[in-house]
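>>> sequence first, then the predicted structure, then my questions.
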Amino acid sequence: AKRYVIGIDVGGTNTDAVIVEHMEKKVLAHHKASTTKDITSGILNAIKEVLKKDVVKCEEISGLMLGTTTFLNAVIQNSDELAPVTVIRLCGPSSRAYPPFSGFPENLAQKLQQKIYFASGGYEFNSQEVSTLDPEELKKIGNELCDFAKEKNLPGINIVICGIFSPVSDKQELEAAEILAKVFEERKTEVTLTLSHKIAFIGLLEREGASILNACLRPYAKKAIQDLNRRIMSLDLKGCAGKIFLTQNDGTLITSQMAIEYPVFTFNSGPTNSLRGASLLSKLQNGIVADIGGTSTDLAVLLNGFPRLASSYVEVGGVRTNFRMPDTKSIGLGGGSLVKFDGDKVSVGPQSVGYKLKKEAFCFGGKILTTTDFAMKKGLSTIEGSDISKVDLSPEQLDKVQSEILKMIEDLIDQMKTTKEAVPLILVGGGSILVSEEAKLEGVSQIIKPPFFDVANAVGAAIAQVSATVDMVVKLEGKDRKEEVAKVVQEAKRQNIENGATEETIQTSFEEVDCSYIPGRACRIIAKAVGELDISKIKADIKQYEGGDEKVEEEYEPFVEKIKTKEEEYSGIQIPDPVIVEENGIKEWVLQPADIECISIGCGILGTGGGGSPYLGTLQLRELFKQGKKIRVIAPSSLKEDDYVGIAAWYGAPIVIVEKVASGNELIEAFQLIGDLEKDKIKKLKGIMPVEIGGLNCLAPLYVATMLDLPLIDCDFMGRAFPELQMITPVMYGHDILPITMCDEK
């Protein structure tokens, strides 16, 4: 029997709905409605209108797939819907130098940070315990939080449990959750528990950050999704009971109940839906997709029908995260973008009238010149209710606007391409009316606007599949590599079937990354399984609520343009003039916060892929600025031939230090040990010097030097990152580098 589903995509300007035959993936009807301030009303309007096309009966609809960036927007806008979060880090004595919320924007951290606990637990990379979990300690924490909730009259507590190397072994996180859940149940206190190993992969601060974002959104997600579910059921879509799905970052589906528990998985669903829809509608598996909406243009690369994923960390609302998201770039160009003329020059965006387009644009009787006015006057499209006679643009002005729009898209394409070869560009989204298929763009072989291009996002949501990803570090010593990879792939497939995939449709893929400097031939294996959703197997998974469809009356608020200063318009690092002071005849460069950000970028580049991430060092130095410390740098020429200098460095596997981060002052304590051995020499130190110029070990010496009230010497012993200590310049010239002291978190 044929099964029909409704796909919905909520954008900043429009909410699109399509009816699709699920197995054949054939679009039967579509409708584009205006997005509403409360989101849900716009969704209901779109569903009602697409059902009026009478292509299928209401009872024949067996599922509803929704793509929305509502929860992402709540984080970006620092919404009042975000709830405070308590973090329990299972780490034992280690990983305390960078507490939870490190690196968060200050205003977001102040809003979200409730309580922080460092508890017993955690693992090494090989699943050996850092320390044993302490049930009594966790019960005490649970009771403290219940008392706190009662004292503050809170509706509940949102907890993140984050254990070191929990993606390698989840046992402690699961056990801790069980203990805490029992305490809260006995105390009759509401609690949500977010376990970090279920959110993201190796990288403690990034996984913890993503988990905090998830936890702060869970109360809002529960309220919003349950309300949406209730109101959709009022439309007599009985076949959709418990079968409302949300699309997630990788273009696959999660149930609405799962979205309540893991709202972060939906963050980047919009661009992903556009790629999936563009691939189906254009019948292309590879190319570049530009999703031009009413407010912005999102560009992404299509690889084998799925988005190319970002290879590095992704910032969400200023928070560094490491869950897998599509590699996208966006600019403020859409159908509602403001167009301004200043003499012979023209500017487009980034501000947009958004969903107020039909009230504010000139062609609809408004008083704001938008890109839609340009498209109407240029003859690129027609929209019901528009009047191009109200748009006063000369042919020369139209050409200038067109050139500016094409240049903006060309620049964006150039940033995303990894080959000099021309590639096809697939245009989707309602704002695609701004670009003609005959337009010429550098680096583009052809421009394609497929059928239903203006609702491609909703099509992408309707055809979304289900997936599962397993990310593990495996020791291969004495084992067969292929067998170990097969085990991880099989686990991904098992989880995919559990998520609702039809077994015969599942396709698997995997990546292998050998872990440097770790004994036992350690290898990180990332396996993914993707398959078609078997809707018939999905049972109702969310409580149904009584009540009819409530009409929400919205008071219209006219668009008000925000005037930005030049500083606000420039989003890059503001590079200050260097501060140079002279002390005892030696010139010192006193660093400022922006200097550290620039140095960090340079460390990453000069590391040539080695040396670990400079991010941890950057966080430490930011903290020193908050404490009012003075970070100083001197030239090597300031030193005499017989002056002593100290070397400070981390050593070991980068993959370990991003997960089992520093506990505090290991490097300072190591220098204190040298002081015990060489009291005379340590007193004569004139500065600290980097052993290498790449990665973390470029910034760590700045921290040590500042804590010891010494300057950093502006040179290093290698000129890049290096793997072994005997490769540095002094050793190559026969100099002794002893004494050396080492210190760990214990």
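Structure's in. What do you need? Numbers count the residues shown, from 1 in each chain.
>>> the helix or strand where Glu185 lies: which residues count as buried?
Using DSSP states H and E, Glu185 sits in helix 171-186. Of all the residues in helix 171-186, those buried under the rule 16 or more other C-beta atoms under 10 Å are 172-177, 179-180, 183-184. In this view, the C-beta of every residue, glycine as well, is placed from N, C-alpha and C.
>>> make CSV out of these and add pLDDT and distance to Met258.
Converted to CSV, the buried residues of helix 171-186 look like this (pLDDT from 0 to 100; distance: C-beta to C-beta, whole Å):
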residue, pLDDT, distance to Met258
Gln172, 96, 23
Glu173, 96, 18
Leu174, 96, 18
Glu175, 96, 22
Ala176, 97, 21
Ala177, 96, 17
Ile179, 97, 24
Leu180, 97, 21
Val183, 96, 25
Phe184, 96, 21
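>>> nearest to Asp534 among those?
Using C-beta to C-beta, Leu174 is the member of the buried residues of helix 171-186 that lies nearest Asp534, at 28.1 Å.
>>> quick check, the closest one in contact with Leu195.
Yes - contact criterion C-beta atoms under 8 Å: Leu174 and Leu195 qualify, at 7.0 Å.
>>> which neighbours do the two share?
Common contact partners of Leu174 and Leu195 (C-beta atoms under 8 Å, 6 or more residues apart in numbering): none.
>>> now the closest residue to Thr618 other than its chain neighbours: which helix or strand?
Spatially, and ignoring its direct neighbours in sequence, Thr618 is nearest to Ser600 (4.5 Å; C-beta to C-beta, 6 or more residues apart in numbering). According to DSSP H and E, Ser600 maps onto helix 593-606.
>>> show me which positions of the top helix by length along the chain end up buried.
For the chain, the helix with the greatest residue count under DSSP state H is helix 204-233. Neighbour-count burial for helix 204-233, counted by 16+ other C-beta under 10 Å, picks out 204-222, 224-233.
>>> quick one, phi psi at the residue nearest the centre of the chain?
Nearest to the geometric centre of the chain sits Val314, at 4.0 Å (C-alpha atoms, centre = their mean). Phi and psi for Val314, reported as degrees, to the nearest 10, are phi -120, psi 130.
>>> so in terms of bridging, what pairs with it?
Thr321 (DSSP bridges).
>>> that one contacts Asn322, correct?
Yes - counting by C-beta under 8 Å, Val314 touches Asn322, with 7.4 Å between them.
>>> gap between Cys743 and Leu441?
Noted for Cys743: a distance of 56 Å to Leu441, by C-beta to C-beta, to the nearest Å.
>>> of the two, which one has the most company?
Using other C-beta atoms under 10 Å, the more surrounded residue of Cys743 and Leu441 is Leu441, with 18 against 15.
>>> any stretches of the stretch 301-450 of the chain with poor pLDDT?
Along the stretch 301-450 of the chain, segments meeting pLDDT under 70 span 311-312.
>>> quick one: contacts for Asn286?
302-304, 423.
>>> mean pLDDT per helix and strand in the chain: which one sits at the bottom?
Lowest on mean pLDDT, DSSP states H and E among the helices and strands of the chain sits helix 566-569, with a mean of 40.
>>> can you name every helix or strand that the helix or strand following it contacts?
Toward the C-terminal end, the helix or strand that comes next after helix 566-569 (DSSP H and E) is strand 579-583. For strand 579-583, the packing partners by 3 or more C-beta pairs under 8 Å, 6 or more residues apart in numbering; DSSP states H and E come out as strand 586-590.
>>> quickly run through the sheet partners of the strand it packs on, with directions.
Here strand 586-590 has these sheet partners by DSSP bridges: strand 579-583 (antiparallel), strand 632-634 (antiparallel).
>>> who's in contact with that strand?
With C-beta under 8 Å, 6+ apart as the test, strand 586-590 has contacts from 578-582, 630-635, 638, 711, 714.
>>> do the same with stretch 399-416
288, 290, 297, 299-301, 327, 329, 331, 333, 339, 341, 344, 346-349, 371, 374, 378, 393, 425, 434-435, 439-444.
>>> distance of the nearest residue to Val183 once chain neighbours are set aside relative to Lys493?
Leaving aside its chain neighbours, Val183 sits nearest to Gly142 (3.3 Å; criterion: C-beta to C-beta, 6+ apart). Counting by C-beta to C-beta, the gap from Gly142 to Lys493 is 37 Å.
>>> now do Gly365
Counting by C-beta to C-beta, the gap from Gly365 to Lys493 is 57 Å.
>>> which of the two has more residues huddled nearby?
When Gly365 and Lys493 are compared for neighbours, Lys493 comes out ahead with 22 against 13, by other C-beta under 10 Å.
>>> mind listing what the more buried one touches?
The contact partners of Lys493, by C-beta under 8 Å, 6+ apart, come to 468, 506, 508, 529.
>>> at 7 Å instead, please
When contacts are counted by C-beta atoms under 7 Å, 6 or more residues apart in numbering, Lys493 touches 506, 508, 529.
>>> quick one: mean pLDDT over the host helix or strand of the second one.
Yep, that's Thr508 we're talking about. Assigned by DSSP H and E, Thr508 belongs to strand 507-514. Per-residue pLDDT over strand 507-514 has a mean of 83.
>>> alpha carbons of it, as PDB, please.
Output in PDB follows, covering the C-alpha atoms of strand 507-514 (Å, rounded to 0.1, in the frame of the first residue of the first chain):
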ATOM      1  CA  GLN A 507      23.900   1.400   3.700                       C
ATOM      2  CA  THR A 508      27.000   1.700   5.900                       C
ATOM      3  CA  SER A 509      30.200   3.700   5.700                       C
ATOM      4  CA  PHE A 510      33.200   4.100   8.000                       C
ATOM      5  CA  GLU A 511      36.300   6.200   8.700                       C
ATOM      6  CA  GLU A 512      39.500   5.100  10.300                       C
ATOM      7  CA  VAL A 513      41.900   7.600  12.000                       C
ATOM      8  CA  ASP A 514      45.100   6.100  13.600                       C
END
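>>> and that strand, what does it pack onto?
Taking 3 or more C-beta pairs under 7 Å, 6 or more residues apart in numbering; DSSP states H and E as contact, the helices and strands that strand 507-514 lies on are helix 481-498, strand 522-531.
>>> which secondary structure elements does the shortest one sit against?
Applying 3+ C-beta pairs under 7 Å, 6+ apart, one finds that strand 522-531 contacts strand 466-475, helix 481-498, strand 507-514.
>>> got the contact list for it?
Applying C-beta under 7 Å, 6+ apart, the contact partners of strand 522-531 are 125, 252, 465-476, 485, 488-489, 492-493, 496, 501-502, 505-515.
>>> any idea how far that strand is from the chain center?
In terms of C-alpha atoms, centre = their mean, to the nearest Å, the centre of strand 522-531 is found 20 Å from the chain centre.
>>> what pairs with it, and is each one parallel or antiparallel?
Strand 522-531 pairs in its sheet with strand 466-475 (antiparallel), strand 507-514 (antiparallel), by DSSP bridges.
>>> format those as TSV; extra columns: distance to Pro93.
Compiled in TSV, the strands paired with strand 522-531 are given as follows (distance: least, C-beta to C-beta, whole Å):
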stretch	distance to Pro93
strand 466-475	22
strand 507-514	29
